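Chemist: Structure for this input, please:
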Amino acid sequence: MLTSAQWAEALAPGIREWFYVGYNNRPSLISQLFNVQGSNSAYERFMSYGAVSPAAWDDYEQSGIMPKVSFDKGYETTFTHKEYPVSMDIQRKFVDDNKYPQIIQIAQQLGDSAALKRETDASGVFNNADQATPVGGDSVGLCNNSHPASPTKSAVTQDNLDALALTSDNLETVRQKMLTVKDDTNNTAGVMPNLLLVPSALENTAKIITQSDGKVGSADNDINVMKGQFSYMVWPYLSSATTWFLIDSIKMRQSLYWFNRTPLDVHREVKDETLFSTWIAYMRYSFGWTDWRWISQGNA
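Modeler: Predicted coordinates for the structure are as follows:
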């Protein structure tokens, strides 16, 4: 017979296992989109620096003096890790009455909720990309019509937000626009879009545009020049059925960050466990972007 202390301790391995079963049941795109890193500080701070003009490489031939390059100071971005704790109680009577399916369900649902919280936060970067908040280091949203070039060149602006539905022609329009994005020295930034991120409602459209052999919507037997140019991802957590994103996946990984300050953990709070056992789930993380020159948003 289990004593009042033993029943809670005996449940511990199962609670942890079922919690992580629930957590891992929910597919995630965080690791595929974000540069996921650990952290040992209360926050992580990034200071960006401007580009070096290619004209600098000509100075030696013209003057005979090897030039020293300098970098303009860019925008500062701080990722402050937030705490996310919750607790749940497992009642002893569930054990006494052999209600183990209920215990399993409670643990799994809490794990699933942790996964949902993280996925909701991550997708919020995209769902709120064209909103006034949150903002990046340049004080505007991720997708905006007025991105300043740098702190010292704020009058020079660019945009990565278009009122365009997802069609083959509109995708090409946005692609061409991204190819001309400039750095702070007004030189081409080298953006090469290769990833289409869409909500579930646009999955079939994305598949047709990126995988059809023939030109979409044409009966003239033209080839589909979009085939092979882009991969696509479907994220059910994108809230708008008409909003889509074209992304340079390499630059995305250099600019879009997720920091796990404290990995997700679930543990038992040892106290008087005569009638119930308290479990605490805890995670601490931050996320965001340091630069916008990797993404463009379209919306009908």
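Chemist: Could you use CA atoms for every contact and neighbour count after this?
Modeler: Fine.
Chemist: Okay, now the unreliable bits of the chain?
Modeler: 1-5, 217-221 (pLDDT under 70).
Chemist: Scan it for its longest helix.
Modeler: helix 100-127 (DSSP state H).
Chemist: Please pull up the helix or strand immediately following that one.
Modeler: Using DSSP states H and E, the next helix or strand after helix 100-127 towards the C-terminus is strand 147-148.
Chemist: sorry, back to before: can you give the distance from the longest helix of the chain to the centre of its chain?
Modeler: From the chain centre to the centre of helix 100-127 is a distance of 17 Å (CA atoms, centre = their mean, to the nearest Å).
Chemist: Tell me the helices and strands packed up against that helix.
Modeler: Packing partners of helix 100-127 (3 or more CA pairs under 8 Å, 6 or more residues apart in numbering; DSSP states H and E): helix 6-24, helix 92-96.
Chemist: let's see 10 Å
Modeler: helix 6-24, helix 30-33, strand 82-91, helix 92-96, strand 243-247, strand 256-269, strand 276-289 (3 or more CA pairs under 10 Å, 6 or more residues apart in numbering; DSSP states H and E).
Chemist: would JSON lines of these with distance to L116 and mean neighbour count be doable?
Modeler: Formatted as JSON lines, these follow (distance: least, CA to CA, whole Å; neighbours: other CA atoms under 10 Å):
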{"stretch": "helix 6-24", "distance to L116": "8", "mean neighbour count": "17"}
{"stretch": "helix 30-33", "distance to L116": "11", "mean neighbour count": "14"}
{"stretch": "strand 82-91", "distance to L116": "13", "mean neighbour count": "15"}
{"stretch": "helix 92-96", "distance to L116": "26", "mean neighbour count": "14"}
{"stretch": "strand 243-247", "distance to L116": "21", "mean neighbour count": "24"}
{"stretch": "strand 256-269", "distance to L116": "13", "mean neighbour count": "18"}
{"stretch": "strand 276-289", "distance to L116": "13", "mean neighbour count": "20"}
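Chemist: Please produce CSV containing those, extended by distance to V191.
Modeler: Formatted as CSV, the helices and strands packed on helix 100-127 follow (distance: least, CA to CA, whole Å):
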stretch, distance to V191
helix 6-24, 34
helix 30-33, 17
strand 82-91, 32
helix 92-96, 57
strand 243-247, 9
strand 256-269, 15
strand 276-289, 16
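Chemist: wait, which of those is closest to E119?
Modeler: Shortest distance between E119 and these, using CA to CA, is found for helix 30-33: 7.1 Å.
Chemist: now what about the closest one, what contacts it?
Modeler: With contact meaning CA atoms under 10 Å, 6 or more residues apart in numbering, helix 30-33 is reached by 36-37, 118-119, 121-123, 197, 233, 247, 249-250, 252-253, 256-258.
Chemist: Apply 7 Å and report the result again.
Modeler: Contacts to helix 30-33, defined as CA atoms under 7 Å, 6 or more residues apart in numbering, come from residues A122.
Chemist: how far does that helix sit from the chain's center?
Modeler: For helix 30-33 - counting by CA atoms, centre = their mean - the centre lies 6 Å from the chain centre.
Chemist: Quick check: what element follows that helix along the chain?
Modeler: Defined by DSSP H and E, the subsequent element after helix 30-33 is strand 35-38.
Chemist: how about that following strand: buried residues?
Modeler: Residues N35 are the ones in strand 35-38 that count as buried (16 or more other CA atoms under 10 Å).
Chemist: what's next to that strand, contact-wise?
Modeler: So strand 35-38 is contacted by 253, 256-261 (CA under 7 Å, 6+ apart).
Chemist: Which single one of these is nearest to F287?
Modeler: The nearest one, if we look at those relative to F287 and count by CA to CA, is W258, at 4.3 Å.
Chemist: That closest one and P85, how far apart?
Modeler: 18 Å (CA to CA, to the nearest Å).
Chemist: Check G298 too.
Modeler: 36 Å.
Chemist: Look up which residues are beta-bridged to the nearest residue to A12 once chain neighbours are set aside.
Modeler: The spatially closest residue to A12, leaving aside those adjacent along the chain, is R268, at 7.3 Å (CA to CA, 6 or more residues apart in numbering). Taking DSSP bridges as the rule, R268 bridges to W279.
Chemist: All good on my end, thank you.
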